[in-house]
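>>> what would the 3D arrangement of this be:
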Amino acid sequence: MKIKLFTSAMLVASAIAFAPVSAMAEEAHVAPVKDFISSSVEGWLTDPVVIDAIKEQNAKTADLDQAAIDALDKDWRAQATASDKPMVDEVLGRALSKFLMEKKDASQGMITEMFVMDAKGLNVGQSDVTSDYWQGDEAKWQKTYSVGPGEVFVDEVEEDESTQALQSQASLTISDPATGEAIGAITVGINLDML
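Have a look, this model is predicted:
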């Protein structure tokens, strides 16, 4: 009985001792990801192709209520994996999506995906098809656009099932360079193995 209690106590003590190390290791990716975003992404977020696309969509979606947003999201989800996907194809065909695809390709594997969201959290442009159209219910939008200009949110580390690479998403507010007002947000998938 004493051996079992001692062993149990040792296991609990070991778990407690290693818990902070795991948390620290998890957070170790945040600073390098923020540095990459600052040096390699933020500079082109004021490009007219980005700003104009967001402003144009904000004008179109300003009056959408939650029911309309949910309907759009439902349509997108149904089309995302279908052979006939006019809504998805229209977004992928936009100048902003082509711009994001070029930036992703130029990163030589460092960027795994990118998508830009409007003031409602709806996709404006993307490098790859997302599983949903509305990001407004997710931290990537809520911890950036909803907070305001200058916000950067770095999500947890995840392993990509197909490539086995470690990844994290960094999201940040996009502001109108003319006014400084938050107009949207971007999420950038980062291949942590390349940092």
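>>> need phi/psi at Glu151.
Main-chain dihedrals, Glu151, degrees, to the nearest 10: phi -80, psi 140.
>>> list the contacts of Asp193.
Counting by Cβ atoms under 8 Å, 6 or more residues apart in numbering, Asp193 touches 165-166. C-betas here are computed from N, CA, C, even on glycine.
>>> er, Glu181 I mean
By Cβ under 8 Å, 6+ apart, the contact set of Glu181 is 149, 175.
>>> how about 10 Å then?
Contact analysis of Glu181 by Cβ atoms under 10 Å, 6 or more residues apart in numbering lists 119, 148-149, 175.
>>> just the residues contacting stretch 135-145, thanks.
Residues contacting stretch 135-145 (Cβ under 10 Å, 6+ apart): 66, 69-70, 73, 115-123, 132, 134, 146-147, 150-156, 169-175, 182-188.
>>> ok, now with 8 Å
Here stretch 135-145 makes contact (Cβ under 8 Å, 6+ apart) with 69, 115, 117, 119-123, 151-153, 155, 169, 171-174, 182, 184-185, 187.
>>> what ranges do the helices span in the protein?
Per DSSP state H, the chain carries helices over the ranges 2-27, 30-40, 48-61, 66-80, 86-92, 95-106, 139-142.
>>> and the third one, what does it pack against?
The reference is to helix 48-61. With contacts defined as 3 or more Cβ pairs under 8 Å, 6 or more residues apart in numbering; DSSP states H and E, helix 48-61 has these neighbours: helix 95-106, strand 111-117, strand 123-126, strand 166-175, strand 182-191.
>>> pLDDT of it, averaged?
In this model, helix 48-61 carries a mean pLDDT of 98.
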